[in-house]
Structure formats: structure tokens, C-alpha cells
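A.B. asks: my questions concern the predicted model and sequence given below.
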Amino acid sequence: MRRFTRKGSVLTARMSEAEVAMLASLIGQLVELTTDALGEPAAESADPLERLSAELSAEPDEPEQSGDPVIQRLFPNPYPHDPQAASDYRRYTQADLRDQLVAHARQVLDDLAASGSGSRPVAVAEADVDSWLKVLTALRLSLAARLGVSDAEGVEELAALPEDDARAYLYSVFEWLGFAQETLVGSL
């Protein structure tokens, strides 16, 4: 991947076919994991009261905290010592947070698809940068959770892994996502 650069109000980066496919696959897996753990996004309706009614009837009264470390990292419990407050927080925010992440992921997938599998530069409209940054962050957090990284020391340990270690590839993807994120921010 070449770094993101600005051309007017559009940020572009040249990605190979393999990079576009890898990023699209990671995003698809993130959406699948999120919707499997937290439920499918509510059907869109023009009527806000109808949407709210559908959400309230579809969501459980006491949503459970997921045991998956990725979900726990992406949707942390802000009240670890208060089970009732934690349950209320999940009940009132979890669906919206999930829906926002899925919407951001769809935007990034649309931008990747518009590149023709890397035959054209990936173009990100300035208005969509927020979606890209949120998705890249969610992917990095997901990989960090899978790799057991919780601090800078853990990242340094992974950087020293031999190439034949199974985690080395995931670490290289983690770093690639960081590069994409860094150059995207730098091009603003």
C-alpha cells in the first residue's frame, strides 16, 4: 500500500488487489462477529417511533456481556463493579453502537469496491474519513485482542517474533492497518 494523499476533498491510496481483498475480508469478519454477538441491526424505517418500537421489542431486557475478548474490547463495560448499571448501559447503547459500526463498515466496503479490486486508487471522500478511521481502529483493536496485546510492551514483544511464529502474520496485518490509519490522518 502506498500512503494516503489528498487531492482536493478526496484522499486516495493505491492498494494492491490482495490488500483490498484482505481489508474487505477483515471488515466482513468484524461485521459478522459484531452482529453474531450483539444481534442484527434493526430494519430501517422512515418513522422514528416505529424504529424505536422495533428496537425495544427486539432487544432483550437484560442483554448479556459477551465473553468474546474482541467484543469486550470494542464494546467495553464502563461499569464493571455495578452489574445493573452495566446491563442498563448495554440495553440503551449497544444496538446504536453496533449499528454505527456496521454503517461505518459498509461505507468503507463501498469505497473499497469502487476501487475495482485495487485496479484504481481507493478514494475516500473527506466526509467519509471518520468511517474509515473508526473501522481501522476497530480492526486494530480486534487484532490486539486476538493477539493478547494490551499495551506498548505487548506490541514490542510481537515485533520481535520470528517469521515462522503464527502470530507474526497477524502482527504484520496489525502494523499495516496502523500504517493505513496513520497516513489517512496525515493526509488530512
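C.D. replies: Right, received. Where do you want to start? Numbers count the residues shown, from 1 in each chain.
A.B. asks: what is the least confident helix or strand in this protein?
C.D. replies: helix 48-58 (a mean of 63; mean pLDDT, DSSP states H and E).
A.B. asks: what's the next secondary structure element after that helix?
C.D. replies: With elements assigned by DSSP states H and E, the helix or strand that comes after helix 48-58 is helix 69-74.
A.B. asks: which strands or helices does that next one pack on?
C.D. replies: Applying 3 or more CB pairs under 8 Å, 6 or more residues apart in numbering; DSSP states H and E, one finds that helix 69-74 makes contact with helix 17-38, helix 129-147. Every residue, glycine included, has its C-beta placed from N, CA and C.
A.B. asks: in the protein, where's the longest helix?
C.D. replies: Secondary structure of the chain per DSSP state H: the longest helix is helix 83-113.
A.B. asks: ok, and for that helix, which residues are buried?
C.D. replies: Within helix 83-113, the residues scored as buried using 16 or more other CB atoms under 10 Å are 86-87, 89-90, 94-95, 98-99, 101-102, 104-105, 107-109, 111-112.
A.B. asks: in a helix, that's where Val173 is, yeah?
C.D. replies: Yes: counting by DSSP: H, G, I helix; E, B strand; the rest coil, Val173 is part of a helix.
A.B. asks: which stretches of this protein have low pLDDT?
C.D. replies: Scanning the chain for pLDDT under 70 picks out the ranges 41-47, 50-64.
A.B. asks: redo that, cut-off 90
C.D. replies: By pLDDT under 90, the weakly predicted segments of the chain are 35-68, 72, 77, 80, 83-84, 86-95, 150-152, 154-155, 166.
A.B. asks: sorry, back to before: any idea which of the helices and strands packed on helix 69-74 is most buried?
C.D. replies: Mean neighbours per residue, mean count of other CB atoms under 10 Å, is largest over the helices and strands packed on helix 69-74 for helix 129-147, with a mean of 19.
A.B. asks: identify the residues contacting that one?
C.D. replies: Helix 129-147 is contacted by residues 11, 26-27, 30, 33, 69-70, 72-74, 100-101, 103-105, 107-108, 111, 124, 150, 154, 158, 167, 170-171, 173-174, 177-178, 180-181, 184-185, 188 when judged by CB atoms under 8 Å, 6 or more residues apart in numbering.
A.B. asks: mind redoing it with 6 Å?
C.D. replies: By CB atoms under 6 Å, 6 or more residues apart in numbering, the residues outside helix 129-147 that reach it are 26, 69-70, 73-74, 104-105, 107-108, 124, 167, 170, 174, 177, 180-181, 184.
A.B. asks: Gly148: neighbouring residues, count only.
C.D. replies: Using other CB atoms under 10 Å, Gly148 has 11 neighbouring residues.
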